[in-house]
Structure formats: structure tokens, C-alpha cells
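In: task: produce atomic coordinates for the following.
(one chain, ligands or ions: 1)
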Amino acid sequence: MTSSQTFEADVLIEGERIDALGSFPEVEADRIVEAAGKLVLPGGVDPHTHLDAPLKGTITADDFYSGTVAAAIGGTTMIIDFPVQEKGQDPRISHADWYARAEEKAVVDWSLHQVITDLPDEFFPALDELIRDGSPSFKMFMAYPGARMVDDATIFKAMRRTAENGGFVLMHCENGPVIDLLEKEAIAAGNVDPVYNSITRPPVTEAEATSRAISLAELAGVPVYVVHLSAAEALDAVGRARDRGLPVYAETCPHYVLLTDEMLSEPDFGGSKYVMCPPLRTPAHQERLWKGLRDDELQVVSTDHTPFKFEGQKEMGRGNFPKIPNGVPGIEWRTGLMHHFGVRGGRISLNRFVELISTAPAKLFGCYPRKGEIAPGSDADLVVFDPEKEVVLSARTQATLSDYNPYEGWELRGAVETVLLRGTVIVEGGAFVGTRGSGRFVRRGESIALA
Ligand SMILES: [Zn+2]
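Out: Now for the predicted structure:
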């Protein structure tokens, strides 16, 4: 099963790569992985995760070990994470820091998008060097003033540089200063509960920033990729730009198409489990996102896996919702959720499902056809997926170290059975059997424009 074809074949693996597809009755294999009656997918590529990541005075519940074990179990064989530059510091320092932790712990292949929070001209050569060393993508925030936000001039400067050095820019699109004001007003009025996470970040604050990011990219003459898009109005902006032929891309995440802002009202501060930025929206937005996934206004489904525990972490924001560490776990369930609700739900085809979770991110982030494809020469990253197996999602059985599951009790039909990373079985019968540190850094090249 690939993004463009469905066929029955044996996959012959030699070393770490796929050698041939077809029928090989004469070959004496060292090992045979039985997949008759199952789907064989290219390993998932999740281009948006946060592992070992500090936020709001705490750190994500998963490090590069537990987080990538969860990824593997969920059929993802490559992740791209985000080192965050300290203001005033050479971005290569945070890059090296994240690199060291991933190299020691990760069990699937990995790469890094450097976050830029500060860009005086003397840091330009550092960006050029990161690109030469195989990390050609950069992320900037239009949200979180006083912390990670950069102003429009900085965004434009970074984009103009990528027009010259071949880099690729990812944008977190929310109007930070306006949201900041709405948050302060809410707190002053005594509106301190988790539900104000969505009320103070209305769809237009996302749409405005998305339009602005697209305009700045157009001015600089570069492609742009909008991360974790959640609002219909923001998707309208992406759709309009794409209709004009601009190289504008966007991802959404399973939680935005499956969970709604009603979760934020869960009693006993339970709503904090669903606090994220941008926030969960209403069902009308979900329908618009599904349409976008079908019609290629959205090209990728990532997870934005940002796991915190309810106990001791989400609770930090009791009585003050902006202090709730924002994010949800998701790395483990992307394949199962998108298969069940997307493919089984009749919303996307099987090939489109493969494209959204594997092939398109591999192309956009410069590691195709090594990743994201089942073809001779590609890495033997393969997922045997049993489309009939029934599973129940629960915090009691999950690998991620978050102490809750946003999809607690949900029943899915279809489950990851076996996973190979570069020819080695790392998940068997749904259980992790790989080794710490066996994931490798993937040197990426230039982004491949999607048709
Ligand atoms: Zn994120």
C-alpha cells in the first residue's frame, strides 16, 4: 500500500533497504514476516513532535526514549522534533543539545526543525550551516509574545534568507499580542477555567496570522508550511493562496478533526487535559478540516505530540488557565485514528491516508524516497497493519508516559501489528522489541514541492 498504488507483493529486504518487490519463491530468507491479508504501509513520518521539551517551567512527560517507543508502537518510524533557540544564543547550541538527547535515546529515526526566536544578522551563517548539515527547516512563532514570538520583520528576514539558502519555513500562526490581551482581560474578570483556552483564541486570531504568514512568504518568494491548523477560516486562507498557485502547505492533527472544544468543560479541572494552542474548535471546523484533507488543501497529518501528566503538570494552571502546560499526547494513535475515522469513516481513501501520514511529510521535509515509500532503494521502514483488529484506547495500556488518554475508551478497528525500522523488527504483536538509541539522525535535503 503506497500513496499512489495498492498491490499484492512480497517485499524483499537486503540489509537496511528494500531490495525488490514481487514474488520470490527461490529466495531463502533469513527471516519472513507474515503479512497475508494485512496492509503493508511505509513507516509513518510524524513531522511535529515535542519530546524532552521544556515548557512553562516543566518538561514533557515523554523523553526521546518513551516518546519514540510510543511512536514505533503507533507505526511511526521517523519523527521530526523542535530544538528551541534561547534568545541571544547561537541556534546551533540548542540544536546540538536536542541532537545529543535524541541520539542517545531515540528508537525510531529522527530529525530536527530548529526554532528561531531571535535572528540578528550574525546568526545567518548558523542557519546556513544547519541546512548544510541536514536540518533545512526552521519554525517560528507568531504567538507567545515575550517568550517565543518573533515579529514580522524577523519572520520576513528568515524567509528571505531561506530564499537564498534553500531552507524551508514552518509557522505557528496565531496573533500572539491580541490573544495575550484577551487572556489578561479574562483573568482580570475572574474567567480562569480551562474553557477560556478556546474563548481567548478565537478562529479569526488564527486566520489573521495564517494570512499574514502567507503574505510574508509571498513577499519573500518562498514556500511556507502552516503547522497544526485548526480553524476553518485559517484553512480558507490556505486554500485561497493555493488557488493562486502559491507554494503554501498546511498540516492538521488527529485531535483537531476528532475532539471538540466541549472537552474543555470536563469537570474537576479535567478540561485542562485538552488545553492546547491553537485550541480545539467546534464540529463545523472539523468538517471543514476533513474536506481540506480530502481536497489537498491540507497535505499532512502530524500529531504535535506534547504530552503532560494531569497530576502535577496540567494542574499547575488551576485557577489560572494560561499557566496550564498546553498540548496533548498523540504520537501513538495517529495511524489507528486516521485509519478508523478517515478510511473506515469514508472520508479519505487508503492511499490518501498513506500520503498524509508518510509520503507527503517525507517529500516536504526532504527525505523522500528514502522515507515515505515502498520501493527498491527506500529504507525498509514498514508497518504491517491489521485492518480488522479491534482495540480500545486507554491510559492503562498506552506507552506514552502521559497519565491520561484524550481518546480514553474509544474503540478502533485496525491496529499496528509489526513495525520494521531499516529492516529490523522493532514492534512485534503490537509490543516494542527494539533497543534504546537505535534510531538514527536523518540528514534531510531540499523540500520536494507537492503537485
Ligand atoms: Zn508543536
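In: doesn't Y225 belong to a strand?
Out: Yes: looking at Y225 with DSSP: H, G, I helix; E, B strand; the rest coil, it is inside a strand.
In: quick one: the helices in the stretch 51-200 of the chain?
Out: Under the criterion DSSP state H, counting those that start in this stretch, the stretch 51-200 of the chain contains helices at 64-73, 91-105, 124-132, 152-165, 176-188, 196-199.
In: what helices and strands are in contact with the third one?
Out: Read it as helix 124-132. In terms of contacts (3 or more Cβ pairs under 8 Å, 6 or more residues apart in numbering; DSSP states H and E), helix 124-132 is packed against helix 91-105, helix 152-165. C-beta coordinates here come from the backbone N, C-alpha and C atoms, glycine included.
In: between those, which one is nearest to D46?
Out: Proximity to D46 (Cβ to Cβ) singles out helix 91-105 among the helices and strands packed on helix 124-132, at 13.6 Å.
In: strands along the stretch 1-150 of the chain, start to end?
Out: Along the stretch 1-150 of the chain, counting by DSSP state E, counting those that start in this stretch, strands occupy 10-14, 17-22, 39-42, 44-49, 54-55, 58-59, 76-81, 109-112, 114-115, 137-141.
In: ok, which of those comes nearest Q89?
Out: When the strands of the stretch 1-150 of the chain are compared by Cβ to Cβ, strand 114-115 sits nearest Q89, at 11.7 Å.
In: packing partners of that closest one?
Out: helix 91-105, strand 137-141.
In: okay, these, which one's buried deepest?
Out: Highest mean neighbour count of the helices and strands packed on strand 114-115: strand 137-141, a mean of 24 (counted as mean count of other Cβ atoms under 10 Å).
In: could you tell me the angle between it and helix 176-188?
Out: Counting by axes from the mean of the first three to the mean of the last three Cα atoms, to 10 degrees, strand 137-141 points 40 degrees away from the direction of helix 176-188.
In: run the angle between strand 137-141 and helix 124-132 for me.
Out: Going by the same axes, to 10 degrees, strand 137-141 makes 130 degrees with helix 124-132.
In: chain center to strand 137-141, what's the gap?
Out: 13 Å (Cα atoms, centre = their mean, to the nearest Å).
In: take the strands of the stretch 1-150 of the chain and write them to JSON lines, including distance to T200 and mean pLDDT.
Out: Shown next, in JSON lines, are the strands of the stretch 1-150 of the chain (distance: least, Cβ to Cβ, whole Å; pLDDT from 0 to 100):
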{"stretch": "strand 10-14", "distance to T200": "50", "mean pLDDT": "97"}
{"stretch": "strand 17-22", "distance to T200": "49", "mean pLDDT": "97"}
{"stretch": "strand 39-42", "distance to T200": "39", "mean pLDDT": "98"}
{"stretch": "strand 44-49", "distance to T200": "23", "mean pLDDT": "98"}
{"stretch": "strand 54-55", "distance to T200": "18", "mean pLDDT": "92"}
{"stretch": "strand 58-59", "distance to T200": "21", "mean pLDDT": "96"}
{"stretch": "strand 76-81", "distance to T200": "28", "mean pLDDT": "98"}
{"stretch": "strand 109-112", "distance to T200": "31", "mean pLDDT": "98"}
{"stretch": "strand 114-115", "distance to T200": "23", "mean pLDDT": "98"}
{"stretch": "strand 137-141", "distance to T200": "17", "mean pLDDT": "98"}
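In: out of those, which is closest to R344?
Out: Comparing these by Cβ to Cβ, strand 39-42 comes nearest, at 12.3 Å.
In: lowest-confidence helix or strand of the protein?
Out: One helix or strand of the chain scores below all others by mean pLDDT, DSSP states H and E: strand 54-55, with a mean of 92.
In: tell me which of the helices of the stretch 51-200 of the chain sits most buried.
Out: Most buried among those, counting by mean count of other Cβ under 10 Å: helix 64-73, with a mean of 28.
In: which strands and helices sit next to it?
Out: Other elements packing on helix 64-73 under the criterion 3+ Cβ pairs under 8 Å, 6+ apart are strand 44-49, strand 76-81, helix 91-105, strand 411-421, strand 424-428, strand 431-432.
In: run the last query once more with 6 Å
Out: Helices and strands touching helix 64-73, as assessed by 3 or more Cβ pairs under 6 Å, 6 or more residues apart in numbering; DSSP states H and E, comprise helix 91-105, strand 424-428, strand 431-432.
In: about what we covered before: can you list the strands of the stretch 1-150 of the chain in TSV and add distance to W98?
Out: TSV is the format used below for those (distance: least, Cβ to Cβ, whole Å):
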stretch	distance to W98
strand 10-14	30
strand 17-22	27
strand 39-42	25
strand 44-49	11
strand 54-55	11
strand 58-59	13
strand 76-81	6
strand 109-112	6
strand 114-115	9
strand 137-141	13
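In: what pairs with the helix or strand containing V383, parallel or antiparallel?
Out: Using DSSP states H and E, V383 falls within strand 382-392. Sheet partners assigned to strand 382-392 using DSSP bridges are listed as strand 39-42 (antiparallel), strand 411-421 (antiparallel).
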